[in-house]
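**Q** Build me a structure from this.
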Amino acid sequence: MGELKEFFVPVRHMMKKEFIEMRRSKLIIFLIIAPILQAIVFGYVATTDITHVPTMICDEDSSASSRALADKFLNSEYFDIVNFTRDPQTIQGELGSNKARVCIRIPWNFEEKLKKGETVQVQIIGDGTDSNSATQTMSRAQLIIMAFSKQIFADKLEGMSAVVGPIPSLAMEERVWYNPELASANVMVPGVIGLILTIVTLIIMSLSIVREKESGNIEQMVVTPITPLQIITGKVIPYILLGLLDIILVVVVCGLIFKTPFEGSFLLLMVLSFLMIMVNLGLGIFISTISATQQQAMFSSIFIMMPNILLSGFLFPIKNMPVVLQWLTYVIPMRYYMVIIRGIFLKGLGFMELLPESAALFFYGIIIFTLAIKAFRKTVS
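**A** Numbers count the residues shown, from 1 in each chain. The predicted structure is shown next:
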């Protein structure tokens, strides 16, 4: 017990020194306010929800049936009608000038073919400069046209039922679990926690140690009785505490502003987030040992951070990536953390369901942190 107390006395002074430096440099304010702003920005801006798409209706038929189809788009929250026309020659100009993002072209013999029971082709023309938006927009348009077609078919069957009797039909009922509104904020905002932990514990940690090297403080500490392990312990604990505080802030933002459901255990979230923090701290310490200046540490941190963001599933689904990159994601620690954070938030998963991801983060943390401590000891000696 006495040896443990003796070990933590210098550590406590190192922690005090680190907090004083944060306060003087105003860094602690940034580390508290930035996560809140990032969560709000990602929740509102980084969204895949497609609504109010500028839409052009080219109705060459101008019949009651064609107007009924156009009204389906007019009454939809996904489409904002910016132009009605009968001239198909104006379509390219409207799409080319970005006045419209999609055009619904209804042929001139639309109603006539419907009355004859013939197949009618309705053209959907989309602006493909934004492929993701175009794909979702055209899918929405297809659903509206299919619903209109289904209604016509139902009306035909209703007229036939008076002659042939009741006609059996099949009704489809959709149900989405875990995120029933399909709100992208419910997926994006929890993922911001992983991004924030990377910034706080990886980038800031590496910069902090390199700053000590540049100022010569590391050399002064080495000649004191404090050991390298006590130095690094005293420096990492403040960032662990700040990382956990940032998690609490983001969870509050998720609940108050975006009404993001939190179905799981908050304690489990904090415990498993600690594993991710240790991985990032280890990477930050390792970067500091190979960087001579803060600029080098910043570039090295960004070099490591970008694959974590792009290949973790935070922005892009891993299953949509090429097979080679899908295999590469298994060496990305944040891949496992994204599964953990979204599983706890949206699905209410427990420890046993998240055991594979937790084990992966645990072993990554042990390996990376051990190598980082050895590299740091070698550097300071």
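
**Q** so where does the most centrally placed residue in the chain fall, helix or strand?
**A** The chain has residue 188 as the residue nearest its centroid, 3.4 Å off, counting by C-alpha atoms, centre = their mean. Here residue 188 sits within helix 185-198, counting by DSSP states H and E.

**Q** How many residues are close by the nearest residue to residue 88 once chain neighbours are set aside?
**A** Computed as C-beta to C-beta, 6 or more residues apart in numbering, the closest residue to residue 88 that is not its neighbour in sequence is residue 58, at 5.5 Å. Quick note: C-beta positions are derived from backbone N, CA and C, even for glycine. Neighbourhood size, residue 58 [other C-beta atoms under 10 Å]: 22.

**Q** Would you mind identifying the next helix or strand past the helix or strand residue 58 falls within?
**A** Using DSSP H and E, residue 58 maps to strand 53-59. Past strand 53-59, further along toward the C-terminus, the next helix or strand under DSSP H and E is helix 64-74.

**Q** Walk me through the domains of the chain.
**A** Listed domain ranges for the chain are 16-46+183-380, 53-153 (source: automatic domain parsing).

**Q** ranking these by mean pLDDT, which is last?
**A** Lowest mean pLDDT within the domains of the chain: domain 16-46+183-380, a mean of 83.

**Q** what bridges to the residue nearest to residue 85 when sequence neighbours are not counted?
**A** If the residues on either side of it in the chain are set aside, residue 85 comes closest to residue 58, at 5.4 Å by C-beta to C-beta, 6+ apart. Counting by DSSP bridges, residue 58 forms beta bridges with residue 85, residue 105.

**Q** residue contacts, residue 58?
**A** Applying C-beta atoms under 8 Å, 6 or more residues apart in numbering, one finds that residue 58 lies in contact with 85-88, 90-91, 103-106.

**Q** top of those residues by neighbour count?
**A** residue 106 (25 neighbours).

**Q** re the thing from before, would you point to the one among the domains of the chain that's packed deepest?
**A** domain 16-46+183-380 (a mean of 18; mean count of other C-beta atoms under 10 Å).

**Q** Show me how far that domain is from its chain's centre.
**A** Centroid separation for domain 16-46+183-380 versus its chain: 15 Å, with C-alpha atoms, centre = their mean, to the nearest Å.

**Q** same thing with stretch 55-62?
**A** For stretch 55-62, the separation from the chain centroid amounts to 37 Å (computed by C-alpha atoms, centre = their mean).

**Q** Start the count at 48 instead of 1 going forward.
**A** Noted, 48 is the first residue going forward, which turns the last one into stretch 102-109.

**Q** and stretch 298-318, how far apart are its ends?
**A** 15 Å (C-alpha to C-alpha, to the nearest Å).

**Q** for residue 170, what are its contacts?
**A** Each residue near residue 170 by C-beta under 8 Å, 6+ apart is listed here: 150-152, 154.

**Q** could you pull out the helices for the stretch 198-347 of the chain?
**A** 232-245, 251-262, 264-269, 275-303, 313-337, 341-357 (DSSP state H, counting those that start in this stretch).

**Q** And those helices: which comes nearest residue 60?
**A** helix 275-303 (7.1 Å; C-beta to C-beta).

**Q** what angle sits between the closest one and helix 251-262?
**A** Using axes from the mean of the first three to the mean of the last three C-alpha atoms, to 10 degrees, one finds that helix 275-303 and helix 251-262 are set 140 degrees apart in direction.

**Q** before we move on, what SS does residue 167 have?
**A** Three-state assignment for residue 167 (DSSP: H, G, I helix; E, B strand; the rest coil): coil.

**Q** does it really touch residue 160, like I thought?
**A** Yes - between residue 167 and residue 160 a contact is recorded at 4.6 Å, counting by C-beta atoms under 8 Å.

**Q** joint contacts of those two?
**A** Counting by C-beta under 8 Å, 6+ apart, residue 167 and residue 160 have no contacts in common.

**Q** part of a helix, is residue 180?
**A** Yes - according to three-state DSSP, residue 180 belongs to a helix.

**Q** Quick check, it in contact with residue 125.
**A** No - between residue 180 and residue 125 there is no contact under C-beta under 8 Å: 11.4 Å.

**Q** Which neighbours do those two have in common?
**A** Common neighbours of residue 180 and residue 125 (C-beta under 8 Å, 6+ apart) are 97, 100.

**Q** Show the contacting residues for residue 393.
**A** Contacts of residue 393 (C-beta under 8 Å, 6+ apart): 225-226, 233-234, 237, 308, 310.

**Q** What is the nearest of these to residue 383?
**A** If you rank the contacts of residue 393 by distance to residue 383 using C-beta to C-beta, residue 237 comes first, at 14.5 Å.

**Q** Return the distance of the closest one relative to residue 307.
**A** 7 Å (C-beta to C-beta, to the nearest Å).

**Q** Between the two, which contacts overlap?
**A** If you check residue 237 and residue 307 against C-beta under 8 Å, 6+ apart, the residues they both contact are 301, 392.

**Q** Hmm, residue 256 is touching residue 283, no?
**A** No - with contacts defined as C-beta under 8 Å, residue 256 does not count as touching residue 283, sitting 9.7 Å away.

**Q** ok and the host helix or strand of residue 88 relative to helix 275-303, angle-wise?
**A** Residue 88 belongs to helix 74-91 when assigned by DSSP H and E. Inter-element angle recorded for helix 74-91 and helix 275-303: 40 degrees (by the same axes, to 10 degrees).
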